[in-house]
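K.L.:
Next one to model:
(2 chains)
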Number of protein chains: 2
Amino acid sequence: MPILPDSLRDRVVSDADVARTYGVDASPGASAPDQFTVVRARDRADVVEVLSYAVAHQVPVVPQGARTATTGAAVALEGGIVLNTEAINHVEIDPVERIAVVGPGVVNADLKSQLTAYGLAYPPDPASSASCTIGGNIATNAGGLCCVKYGVTADYVRGLEVVLPGGEVITTGRRTAKGVTGYDLTGLFVGSEGTIGVVTEAVLKLVPAPDPALTVLAVFDSLDATMKGVEALRGQRHTPSLLELLDGPSVAAIQAFGDYGFPADAGGLLLVQSDRIGHAHEDVLAYAEALTAAGATDVAVADDPKEADLLLQGRRALNPALEAKGPRMIEDVCVPVGRLDELVRAVHQIAERRGLEATSGGHAGDGNLHPCFFYDAQNPAQVDAAQAAFGEVVETAWALGGTLTGEHGVGTLKAAWLEGELGAAEVARQRSIKALFDPLGIMNPGRVFGLGTDRP
Amino acid sequence: MPILPDSLRDRVVSDADVARTYGVDASPGASAPDQFTVVRARDRADVVEVLSYAVAHQVPVVPQGARTATTGAAVALEGGIVLNTEAINHVEIDPVERIAVVGPGVVNADLKSQLTAYGLAYPPDPASSASCTIGGNIATNAGGLCCVKYGVTADYVRGLEVVLPGGEVITTGRRTAKGVTGYDLTGLFVGSEGTIGVVTEAVLKLVPAPDPALTVLAVFDSLDATMKGVEALRGQRHTPSLLELLDGPSVAAIQAFGDYGFPADAGGLLLVQSDRIGHAHEDVLAYAEALTAAGATDVAVADDPKEADLLLQGRRALNPALEAKGPRMIEDVCVPVGRLDELVRAVHQIAERRGLEATSGGHAGDGNLHPCFFYDAQNPAQVDAAQAAFGEVVETAWALGGTLTGEHGVGTLKAAWLEGELGAAEVARQRSIKALFDPLGIMNPGRVFGLGTDRP
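P.N.:
Sure thing, here's the model as predicted:
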């Protein structure tokens, strides 16, 4: 076990039971190692101290926020330090520059609600926004429900303060609206899953607050019909601010979890929103008309923001609802939006061929799907089948011009597929970039790039 | 002189007079070296061949587009190869994915006009859009007139194909709406000024076409009063799509160059646009009211897109108008928008103290100013004074929390200030990143990082 300096003593979680809760993230079957130390950093100086210690003693460090990661990227490592940054949660809002300067521990939804008073908004909106942190959002370049109109986390990170292994503090990017002095390393850290440094502050770009979103709920009698609805929305001049797909089994799981007003026997449904200033009502009516024309069997317009929000709560309940169903592999592939219907069909064919129960839901406006394959953990044949199905979905996504991860990251769950997507030469180049920042390989070793090769 | 392989012979510009025109960019006082070879690449294979040759023979390569750079980044190097990519200008528009896949030689305005038929737009809009290329825009992370609402080039580059020194072809980023597999190196290449590789294709994100912009022209009797107008617009819920500042001497220079309908004796003026779908007229009326309340002596609303465009032509004539005035140093500092008035005042104080004629114009909505100091090239004291003033503006920008370059880049013009902004440790880190991609230092040596140190 690492013997941390005295100055960090009151940052270390001393209760063994509490510490164990920091050992895992939300990835399927995650289990904590036997021995690890949890440090809850309160400020940059704490992070500097941990990363100095870790290099001096060659101890692996796992940076961690709210542990909502689904990939294993935030699971503790044996003999290592879990460096939790939830307590670094300062927020400074500058309405003139339209930026927020925040600590990595700020919860996504908390930042959003603090911005309301300024008439400003921070769009990135993972389904777990009520609990996930900005630091984790940056580590995975999180997307979520807003991306069809607003893009991903990277589109809103103007600059970072990062502590590197050894304790050096660097700043990347800029605070000004423009700036091109030297290389911009910001994009290198966004989505790097804790493998090159620890973000201690982020300069986030804000946008004028849109109107409260109104929602259309469109029900279809089959998944194929639902995908026709997605296609019909592409012709809209005013891009929906949200376009979410739930297949029949997803809807049934949500309704089994709680009554969110969905028809439990739907073949598929779409949730579509507009937040366009002064025009949200007009937009949702246009979307409703297009969805009806595309074959929806039932179309309901929630033209009151509270009612609209209730429907969204159903969507946000998807993850806990599926978790309640039992063990599952969660996919996160992303394909060109024009190929999403092929992906959706392939997922269900794969599940059928493998004899697995499956659900498909996701961000239909982005081509980002989260199929799940359920298995009985006591049945080795089912576990194997789920793993095989998981790999087949990745290969299907590649064949459609897509990627193995849209927004969850690679973590440990998908490290074996990294080279298949990037190629050996590119993986080698990325390893050498990591080595520039982390020559001893103490930062989240094994994650993204796989085990046993990125430590000297 | 490099003896290029036979296969490249018909890509080499053989006429010496024509070749000389490729020797310089638009930087002040740029002069071509005695000996250099110009290759006009037609495709990726040509670029691969040039960069293989250059590494094998340790010949410096200057990548080049339309040579509108104002920093010297595209000036030929003695004994080197100028690798011009203007002829790599393929365009493939995908309206479903809302992306354009383009060669680096595509002219910014040409891409824009091709998108009109699809109801789509590519926002980045340098003042030189009629001639500058997308490759050059990427090399400098160009901004321009749209950034107050739409951001900079980096915000629209989803992925790149890049040829590295030695000829290896890599792709960065993604084609899908989301994707987080491995490190995203795209941001490293955007703004790298040709120092690590040559972009041969870019995947650009498109947006739904806005309405044709309408313009407000507001005239003020002093520069201080003009800055009050800038401040007054900050309270608008609907961000202008353009907010340009011209000081009195800039306006006078434009009117001396051609009649663009500006009052030649203005203390300062603002051009403000809205392109908001269905609401441009309403917005410009609101801007006009705010500007009148802020003290504008004359406010004219061009509520016909043609008339609105004519006023913008006046703004776009600024650079040629100033060029016609004689030799000048062109600044490109960027400060927080809330500090712009301090920067504007400081520029005029510096000019006065140094006895120099100066102009100040720029992108007031971004805090990005382009002051110019004019000098008599035959008068060494004036040349020194202009250079000293130039440095003082950089230091003023730093003191205000800004950066030495908003959108033009560092090039050779500002290489001496790089370390002052980034610090020695960061410059060393960035050099080692360059060395990873370009170990022999053949890519645009001396640019950004200064001469004599980035080649082994």
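K.L.:
contacting residues around the one residue in the stretch 151-300 of chain A that gets nearest to chain B?
P.N.:
Closest approach between the stretch 151-300 of chain A and chain B, counting by C-beta to the nearest C-beta: A:Gly187, at 2.7 Å. For glycine as for every other residue, the C-beta is placed from the backbone atoms N, C-alpha and C. Counting by C-beta atoms under 8 Å, 6 or more residues apart in numbering or on different chains, A:Gly187 touches A:Ala154, B:Asp184, B:Leu185, B:Thr186, B:Gly187, B:Leu188.
K.L.:
So what's the gap between stretch A:382-390 and the chain middle?
P.N.:
Computed by C-alpha atoms, centre = their mean, to the nearest Å, the chain-centroid distance of stretch A:382-390 equals 23 Å.
K.L.:
returning to what we had before: closest one of the contacts of A:Gly187 to B:Glu244?
P.N.:
B:Gly187 (27.2 Å; C-beta to C-beta).
K.L.:
just checking, A:Thr85 touches A:Glu201?
P.N.:
No: the pair A:Thr85 / A:Glu201 is not scored as a contact, 10.4 Å apart, by C-beta atoms under 8 Å.
K.L.:
Please identify every residue contacting each of the two.
P.N.:
With C-beta under 8 Å, 6+ apart, A:Thr85 and A:Glu201 have common neighbours A:Gly103, A:Pro104.
K.L.:
element containing the residue of the stretch 151-300 of chain A closest to chain B?
P.N.:
helix A:186-189 (DSSP states H and E).
K.L.:
burial measure for A:Pro63, as a count.
P.N.:
For A:Pro63, the count of nearby residues is 28 (other C-beta atoms under 10 Å in any protein chain shown).
K.L.:
quick one: the nearest residue to it once chain neighbours are set aside from B:Val13, how far?
P.N.:
Leaving aside its sequence neighbours, A:Pro63 sits nearest to A:Gly194 (C-beta to C-beta, 6 or more residues apart in numbering or on different chains; 3.9 Å). Distance of A:Gly194 to B:Val13, computed by C-beta to C-beta, to the nearest Å: 50 Å.
K.L.:
Give me the more crowded residue out of these two.
P.N.:
Under the criterion of other C-beta under 10 Å, the comparison of A:Gly194 against B:Val13 puts A:Gly194 first, with 28 against 17.
K.L.:
who's in contact with the more buried one?
P.N.:
A:Val62, A:Pro63, A:Gln64, A:Ala73, A:Ala74, A:Ala139, A:Met443, A:Asn444, A:Arg447.
K.L.:
which one of these sits closest to B:Tyr260?
P.N.:
A:Ala139 (50.1 Å).
K.L.:
Assumed the closest one was part of a strand.
P.N.:
No: read with DSSP: H, G, I helix; E, B strand; the rest coil, A:Ala139 is helix and lies in no strand.
K.L.:
my guess is it contacts A:Gly65, does it?
P.N.:
Yes: at 7.4 Å, A:Ala139 and A:Gly65 qualify as touching, with contact defined as C-beta under 8 Å.
K.L.:
Flag every buried residue along stretch A:312-322.
P.N.:
A:Leu312, A:Gly314, A:Arg315, A:Arg316, A:Ala317, A:Leu318, A:Asn319, A:Ala321, A:Leu322 (16 or more other C-beta atoms under 10 Å in any protein chain shown).
K.L.:
returning to that earlier point: export the contacts of A:Gly194 as TSV, with columns for distance to B:Leu164, pLDDT and secondary structure.
P.N.:
Shown next, in TSV, are these (distance: C-beta to C-beta, whole Å; pLDDT from 0 to 100; DSSP: H, G, I helix; E, B strand; the rest coil):
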residue	distance to B:Leu164	pLDDT	secondary structure
A:Val62	33	98	strand
A:Pro63	31	98	strand
A:Gln64	35	98	strand
A:Ala73	29	97	coil
A:Ala74	33	97	coil
A:Ala139	27	98	helix
A:Met443	25	98	strand
A:Asn444	27	98	coil
A:Arg447	26	97	coil
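K.L.:
Chain B: which of those is nearest?
P.N.:
Nearest to chain B among the contacts of A:Gly194, with distances taken as C-beta to the nearest C-beta, is A:Ala139, at 9.5 Å.
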